[in-house]
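Chemist: Next comes the sequence, and after it the predicted model I'd like to discuss.
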Amino acid sequence: MKERSGCSLRSNPPPSLPLDVLGNALPPRLLDHFTYVQVVASKKLDLSVWTFFPPYSPCLIHSLIARGQAHIWLEFASIVTHYNTGFAEVSDEKRVPHPSPILFMKARKNPRERAGMRNAHVRDGAALCDFIAHMEDEVLDTMSRGEVWTEVEVAKTVDQFRREQLDSRGLSFATIAGFGPNGALPHYTPAVTTNRQIYTNSTLVLDSGGQYLDGTTDVTRTLHFGSPNQFERETYTRVLQGSIQLSALVFPQGVLMSDVDVLARAPLWQVGLDYRHGTGHGIGAFLDVHESPVNIIYKGGNKMFEEGYFFSDEPGYYHEGFFGVRLENILEVVNRTTTHSFDGPYLGFEPVTLVPYEPKLIDLNMLSNEQHRTLLAAQVTPYHHITHKVCLLSLLLPLRVERSSVTPYETGLLDIQWLNDYNAKVIEKVGAELKLQRRMKGFHWLLSKTIYIPAHGATSGVEEENQQRPSIVICPTVRRQLLPLPVGPPSGKMTGGTPLSQMTGGTPASQKRQASACSAGYAIQAFKNVNPSPFDLIASNTYQLLYCFGAVN
C-alpha cells in the first residue's frame, strides 16, 4: 500500500485516480461514469491501493475544526489507537458517533458478489477436503515411522493446498492450528516457541481461510486422528447442535443480531458450559475477513440482518489445558418463503462453507433423541418431500442432488435432517469440484465423511414399532455396464404394491442391465418399509454406485 502524505488535497490534487477492478465486477451503467476504461485480463491484473490521508488523522480533524464545522461524523468501528489523537480533538457536542452508511452498503453483497462468494467457498472446500484427506493418511504414516506432524507444518501445508486453487490470492488471515491444550486457546497462532506435535490422543482445531478474486473464506473444523473420549464427543456434538440451531433459524426481518446468539450457546448452556468470544462476525467479498457491521454476541448491539449479508457461525468449547472444539461456517442471509407472512418478510441463513464434519466426534444419540420424540408426538413423516438423498457417488456420474424443500422446524428432525441436507450439498458442490480437479483422495475422503444418517438410526437402542425407515436403492444414472447387483428391496415391491419389474421393465436380470445404462438424471421412485441392511454401501476399485435414500407419499 502506498500512502501520500500532506494535509491538503485541494492544493495538490491528484491528476487521476486509477481504479483496478475485475471486468465483470461492475455493472455497465457504473462504467459510464469513468473517463477511461480499459479491460485487463484477470491474470494481468495488478491491484494498487492509494490512501491520500488517514481518515481520522489530526491533520484532517484540525482542518475540519478550523472550518467551523458544527458536527463531525466519527465512526467508532473505524477508529484505532493510531487515530485517537485526532479523535480527542473533537469536542463531545460536535461528535456524531454513528456507523458509516458505507459499512452497511458494503456488507450487503450484490448478486455478483453473492455468486462469487458461493463459488469461492466451493473451491476453498475442495482445497480443505483434499488437505484433510492427505493429512489423515500422513499423520498415521509418519507416526508409524517414528515421526510426527507439528502445528506449524499443518498451517504451512493447508496454506499451500489453498494457493493451488483457481484465483487464489493468498490467505485471509494467519492459519490457526492448535492441538490439545493449544486448541483451547481461541486466538492461538502456531509459532516455533509454542509448536506442538500432532498425535492421536486429542483434538486439532484448524481455523483457516483464503482470499480469492471472487470471495473471502473463513472456516473452522475440529479434527481427531484417534479415538475421541466421550467428553470430547459430547462437547463437539453440543457445539455442532448450536451451530445448526443458528443456521436453521427462520425469523422476521428486524430481529437483532444479538438476539440470535443464544441459539448457538444453548446446547452448551444446558450443561453449564460456554465460550468467551462472539458467535459470529461479518466477512467481506475479497475484502476483510472481519467486516462491520455484523457482530453476533448477546451482550449488546442494535444492528439487524439484511439479505445479502455474509457472516460466520462459530460456536466453540475450550477445556483449558486439555483440548478445544470450534466449528465455523460462513452463512448467507437469504429471504425465506413461509406459509404465512405476519409482520413482513422473513429471513433465514444458508451455509456457503461446504466442508464435512467429523463423524467420529458426533454422538448421534444426542442429535436425535429429543427431536425424534418431537417427531413422534407430532406424527410427522420426516421425508415426505425429499426425492432422494445421496450416500455414495459414482465416479462416473455428474453430481446433481435434490435436497429437501422443507425447513427443519416443519419436521422436528432439526439436527439430523439439517446434517443430511448439508452433506448432500457438500457432495453435490464440492464433490463435483474435486472430481473436476482430479483430486480423488479428497473426493473419497469427502464421501466417507458424508454418510447419510437414518432418521431413526439413533434412538437410545429402543426401536419404535412400525418405524418408517427409508430404504436404499440404486439410482439408475450410471452410464456404463456395472457388475450385477440387486436393484430393489427383497420383496420386489414398491410402495403401493407396484412390482419392481414395472420400474424398468423386463426380467430382474434385464433390469440390472437397464439400470446400469440409463441416462443421467432419471428420477426413480424410492422405497420404504424395507430393511436396508442387504444394501450396504458398495465401493471397489472398479466401480462405485450411486445410492439414494427417500420416501414417497
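Modeler: Looks like it came in fine.

Chemist: Can you tell me the closest non-neighbouring residue to residue 219?
Modeler: The shortest distance from residue 219 to any non-neighbouring residue, by Cβ to Cβ, 6 or more residues apart in numbering, is to residue 353 (4.9 Å). (Each C-beta comes from the backbone N, C-alpha and C, glycine too.)

Chemist: Would you check that the one you found makes contact with residue 215?
Modeler: No - between residue 353 and residue 215 there is no contact under Cβ atoms under 8 Å: 11.2 Å.

Chemist: so what sits against both of those two?
Modeler: Common contact partners of residue 353 and residue 215 (Cβ atoms under 8 Å, 6 or more residues apart in numbering): residue 121.

Chemist: The two - which one has more neighbours?
Modeler: Taking neighbours as other Cβ atoms under 10 Å, residue 353 and residue 215 compare with residue 215 leading, 30 against 25.

Chemist: Distance check, that one against residue 360.
Modeler: Distance of residue 215 to residue 360, given as Cβ to Cβ, to the nearest Å: 31 Å.

Chemist: again with residue 126
Modeler: 22 Å.

Chemist: Name the residue in these two with the higher neighbour count.
Modeler: residue 126 (30 against 15).

Chemist: List phi and psi for the closest residue to that one other than its chain neighbours.
Modeler: Distance criterion Cβ to Cβ, 6+ apart; nearest residue to residue 126, sequence neighbours excluded, is residue 433 at 4.3 Å. Taking degrees, to the nearest 10, you get phi -70, psi -40 for the backbone angles of residue 433.

Chemist: mind checking pLDDT for residue 433?
Modeler: Predicted confidence (pLDDT) for residue 433: 98.

Chemist: Check residue 297 too.
Modeler: At residue 297, pLDDT is 89.

Chemist: That one is in contact with residue 258, isn't it?
Modeler: Yes - proximity of residue 297 to residue 258 meets the contact threshold set by Cβ under 8 Å, at 6.3 Å.

Chemist: Have a look at the two and say which one is more surrounded.
Modeler: The residue with more neighbours, out of residue 297 and residue 258, is residue 258; 19 against 15, by other Cβ under 10 Å.

Chemist: For the nearest residue to that one once chain neighbours are set aside, give its distance to residue 266.
Modeler: Nearest non-adjacent residue to residue 258, counting by Cβ to Cβ, 6+ apart: residue 301, 4.1 Å away. Noted for residue 301: a distance of 18 Å to residue 266, by Cβ to Cβ.

Chemist: same deal with residue 297?
Modeler: From residue 297 to residue 266 the distance is 14 Å (Cβ to Cβ).

Chemist: With residue 150 instead?
Modeler: 36 Å.

Chemist: And for residue 237?
Modeler: 13 Å.

Chemist: Provide a list of residues in contact with residue 173.
Modeler: Applying Cβ under 8 Å, 6+ apart, the residues contacting residue 173 are 208-209, 218, 289.

Chemist: If I look at it, what pLDDT would I see?
Modeler: Value listed for residue 173 in the pLDDT field: 95.

Chemist: In three-state terms, label it for me.
Modeler: coil (DSSP: H, G, I helix; E, B strand; the rest coil).

Chemist: and what of residue 183?
Modeler: Here residue 183 is recorded as helix under three-state DSSP.

Chemist: number of nearby residues for it?
Modeler: Residues near residue 183, counting by other Cβ under 10 Å, number 29.

Chemist: Identify the residue nearest it in space, chain neighbours excluded?
Modeler: Distances taken as Cβ to Cβ, 6+ apart put residue 324 closest to residue 183, at 3.3 Å, once the chain neighbours are dropped.

Chemist: Give me the secondary structure label for that neighbour.
Modeler: strand.

Chemist: So it sits against residue 205, correct?
Modeler: Yes - under the criterion of Cβ under 8 Å, residue 324 makes contact with residue 205 at 4.8 Å.

Chemist: Need the overlap of contacts for those two.
Modeler: Common contact partners of residue 324 and residue 205 (Cβ under 8 Å, 6+ apart): 178, 183, 222, 316.

Chemist: mind checking pLDDT for the second one?
Modeler: This points to residue 183. pLDDT for residue 183: 98.

Chemist: Please give me every residue in contact with it.
Modeler: 202-205, 222, 318, 323-325.
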